[in-house]
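Participant: Kindly return the folded structure for what I paste below:
(one chain, ligands or ions: 1)
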Amino acid sequence: MSFEEEAKGLARLVKAGGVTIFSGAGLSTESGLQDFRSRDGIWAHADPTRLASIEALEEFLEFYKARLYVPEEIQPNIGHEIVAKWEKEGYVEGVITQNVDRLHQKACSVNVWELHGSLEPVRCHRCGREGTTADFLAGKPCSYCGGRLRPSVVLFGEMLPQRPLEAADELSDGCKTFIVLGSSLVVSPANYFPRQAKSRGANLVIVNRDPTPLDGIADLVVHEGIGAFLSETEKYM
Ligand code: ZN
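Facilitator: Have a look, this model is predicted:
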């Protein structure tokens, strides 16, 4: 199938409504953020299980400060914007994301569920109270108990937050079309939700640069850039 035919196919599915979006690191890299897991990504220069474990909290905090609280130059890209537009137009019902960068919200998506938490708000690692990002970046402790401030990002070894998991479950269960944007679908539960949607009769679309383990059960697989492909799809909406 040609790029154009693939785009027409996606446009048909999106216009039928009931769309759930599932986004991963591949969407953020198009905004210039480094991918944690890819070979030339951030983790290539660090041991991820060590860096992101609770035991290595200190290192993790330094790591996040240096790499992720990158200033305003990191902005949503055309992919985030089209997803937000489709939600506003009533086609997209919700977004499930593995990303912690809040770029979907910056692009004005509303129903966004973050499986791995988020850079903001910052919380106290000891008492759980909310702190300010400014205090965290300045290395100040929690103003209540003196504990460490940290982003609300889920570390290796920590439980995924319950409410986003439940919401992702509902969105996967009830959708007509489930669209994966930039996830390699290798880690759990990322690989669970597309399967669930498919088993409930939804159309499964995967847009990812590289092949994924679920390509074989998908109705449409596109190995192209997300922004380029969604822009092409917009032409047929
Ligand atoms: Zn505290």
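Participant: Would you mind measuring from the residue lying closest to residue 102 once chain neighbours are set aside to residue 106?
Facilitator: Using Cβ to Cβ, 6 or more residues apart in numbering and skipping residues adjacent in sequence, the residue nearest residue 102 is residue 118, 5.9 Å away. In short, each C-beta sits where N, CA and C put it, glycine included. With distances taken as Cβ to Cβ, to the nearest Å, residue 118 is found 12 Å from residue 106.
Participant: Looking at the two, which is more packed in?
Facilitator: residue 118 (20 against 16; other Cβ atoms under 10 Å).
Participant: quick check, that one in a strand?
Facilitator: Yes - counting by DSSP: H, G, I helix; E, B strand; the rest coil, residue 118 falls inside a strand.
Participant: May I ask you to confirm that it is in contact with residue 100?
Facilitator: Yes - Residue 118 lies in contact with residue 100 (Cβ atoms under 8 Å); the separation is 5.1 Å.
Participant: Find residues that contact each of these two.
Facilitator: 151, 153 (Cβ atoms under 8 Å, 6 or more residues apart in numbering).
Participant: Show me which residues of this protein are close to the ion?
Facilitator: For the chain, the residues in contact with the ion (Cβ under 5 Å from the ion) are 124, 126-127, 142, 144-145, 147.
Participant: Could you tell me which of those residues count as buried?
Facilitator: Neighbour counting over those (16 or more other Cβ atoms under 10 Å) leaves 124, 142, 147 as the buried ones.
Participant: what helix or strand does the last one sit in?
Facilitator: Here residue 147, judged by DSSP states H and E, is contained in no helix and no strand.
Participant: so what pLDDT did it get?
Facilitator: Residue 147 carries a pLDDT value of 92.
Participant: Excluding covalently adjacent residues, which one is nearest to it?
Facilitator: Closest to residue 147 by Cβ to Cβ, 6+ apart is residue 126, at 2.9 Å.
Participant: same question, the first one
Facilitator: The spatially closest residue to residue 124, leaving aside those adjacent along the chain, is residue 142, at 3.7 Å (Cβ to Cβ, 6+ apart).
Participant: That neighbour against residue 128, yeah?
Facilitator: No - Residue 142 lies out of contact with residue 128 (Cβ under 8 Å); the separation is 9.3 Å.
Participant: and after whichever strand or helix holds residue 205, which helix or strand comes next?
Facilitator: Element membership for residue 205 (DSSP H and E) is strand 203-207. Going down the chain from strand 203-207, the next helix or strand is strand 220-222, by DSSP H and E.
Participant: Neighbouring strands - and their directions - for that next one?
Facilitator: The pairing partners recorded for strand 220-222 under DSSP bridges are strand 203-207 (parallel).
Participant: Output the partner strand as CSV - backbone C-alpha positions only.
Facilitator: This file holds the C-alpha atoms of strand 203-207, laid out as CSV (Å, rounded to 0.1, in the frame of the first residue of the first chain):
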residue,chain,number,x,y,z
ASN,A,203,-9.3,-1.8,14.4
LEU,A,204,-5.6,-1.7,15.4
VAL,A,205,-3.3,0.9,13.7
ILE,A,206,0.4,1.0,14.4
VAL,A,207,2.5,4.0,13.4
